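Participant: 3D model of this:
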Amino acid sequence: MIAILGAGKMGEALLSGVLRAGRRPSELVATARREERASLLRERYGIETVSNADAAAKAGTLVIAVKPQDMGALLDEIRPHVGGDRLVISMAAGIPTAFIEERLPAGTPVVRVMSNTPVHVDEAMSVISAGSHAGEEHLKLAEELLSPVGKVLRIPESLQDGATALSGSGPAYFYYLVEAMVDAGILLGMPRAAALEMVIQSAVGAAVMLRDSGEHPVLLREAVTSPGGTTIAAIRELERHGVRAAVLEAIEAARNRGRELAGG
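Facilitator: Numbering: from 1, shown residues only. A predicted model of the protein is given here:
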């Protein structure tokens, strides 16, 4: 049985994806802080909602999807109920596996996950890292759980803060770029709806080409950039304004902020 502790937006998205992938509602339980939230989950998915302690006692895999600031209290609550055969999967940003291992029975396998909001449309990028007691079988279980809602990649835990900055926050960077491009379309006289449709489809098409063609992004960009043409004029302005350097510095800043938050 799988228990999702803290079935907020990300937890519910995972729950929904797992059910769509073929798991039966009887194979899952969830917890929620508020009864109205628990009631909604029961009605929407036909699953059982229980207390955190009961979830920890009855499920073999515990997916912890609470906010980072709530992690310590949750671990204290479930510790007496976590057996040595449990797998704990943490989706809490910035919380190292050592923090969780110290607060659960010795030898508890922990897998750390950073996913992102496209989990809601089964297009998530999830990166996973093993704690000191997690082995190949635990990583495979985590992959099986997460693969219905997107791609899964294994990385060393030392790179998790970087992954949070790159792919965890990544969708926001693309939305920011789309917002700016739509504003540019409006500046050029286009209706907002038309500008938005053009930009969204351009983004989707470019993403599919990146994913499916196997070509390096530089080659794909060069294929659009004719000598003396419109695209190179735009690229020159982006370079003149230091957009590439700004992207590097922004993602590095996100990584550093993640480390600060993890350190309390």
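Participant: how many neighbours does L41 have?
Facilitator: Around L41 there are 23 other residues, counting by other Cβ atoms under 10 Å. C-beta here means a position set from N, CA and C on the backbone, and glycine is covered the same way.
Participant: Next one: it relative to I4, how far apart?
Facilitator: Distance of L41 to I4, given as Cβ to Cβ, to the nearest Å: 9 Å.
Participant: overlap in contacts of these two?
Facilitator: Jointly contacting L41 and I4 under the rule Cβ atoms under 8 Å, 6 or more residues apart in numbering are 15, 30.
Participant: Run through the bridge partners of L5.
Facilitator: T31, I64 (DSSP bridges).
Participant: tell me the contacts of it?
Facilitator: 11, 30-31, 52, 55-56, 62-66, 74, 78.
Participant: Show me how to select, in PyMOL, the buried members of those residues.
Facilitator: Buried residues within those, by 16 or more other Cβ atoms under 10 Å, are selected in PyMOL with:
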select buried, resi 11+30+31+52+55+56+62+63+64+65+66+74+78
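Participant: Dump the contacts of L5 into TSV; add pLDDT and distance to M125 as well.
Facilitator: Below are the contacts of L5 laid out as TSV (pLDDT from 0 to 100; distance: Cβ to Cβ, whole Å):
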residue	pLDDT	distance to M125
G11	90	17
A30	95	23
T31	93	26
N52	93	28
A55	94	27
A56	93	28
L62	96	23
V63	96	17
I64	95	20
A65	92	17
V66	91	21
L74	93	25
I78	93	28
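Participant: Which single one of the contacts of L5 is nearest to I95?
Facilitator: I64 (8.8 Å; Cβ to Cβ).
Participant: That closest one contacts G6, doesn't it?
Facilitator: Yes: under the criterion of Cβ atoms under 8 Å, I64 makes contact with G6 at 6.5 Å.
Participant: Now the common contact residues for those two.
Facilitator: Common neighbours of I64 and G6 (Cβ under 8 Å, 6+ apart) are L74.
Participant: Any idea which helix or strand in the chain has the lowest mean pLDDT?
Facilitator: helix 9-20 (a mean of 88; mean pLDDT, DSSP states H and E).
Participant: That helix: which residues count as buried?
Facilitator: Buried, per 16+ other Cβ under 10 Å, within helix 9-20: 10-19.
Participant: Can you pick out the most distant pair from those?
Facilitator: M10 and L19 (15.2 Å).
Participant: Let me see the contact set for Y45.
Facilitator: 15-16, 19, 25, 28.
Participant: Pipe those into CSV and attach distance to K151 per row.
Facilitator: Output for the contacts of Y45, formatted as CSV (distance: Cβ to Cβ, whole Å):
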residue, distance to K151
L15, 19
S16, 17
L19, 19
P25, 26
L28, 22
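Participant: show me where the stretch 151-264 of the chain has helices.
Facilitator: Assigned by DSSP state H, counting those that start in this stretch, the stretch 151-264 of the chain shows helices spanning 160-163, 170-187, 192-213, 217-224, 230-240, 243-262.
Participant: contacting residues around the shortest one?
Facilitator: With contacts defined as Cβ under 8 Å, 6+ apart, helix 160-163 is touched by 94, 96, 112, 114, 127, 129, 155, 255, 258-259, 262.
Participant: Please pick the buried ones from those residues.
Facilitator: Neighbour-count burial (16+ other Cβ under 10 Å) applied to the contacts of helix 160-163 gives 94, 96, 112, 114, 127, 129, 255, 258, 262.
Participant: Flag the least confident of those residues.
Facilitator: Looking at these by pLDDT, the weakest one is A262, with 73.
Participant: can you pull the contacts of that one?
Facilitator: 68, 94-96, 161.
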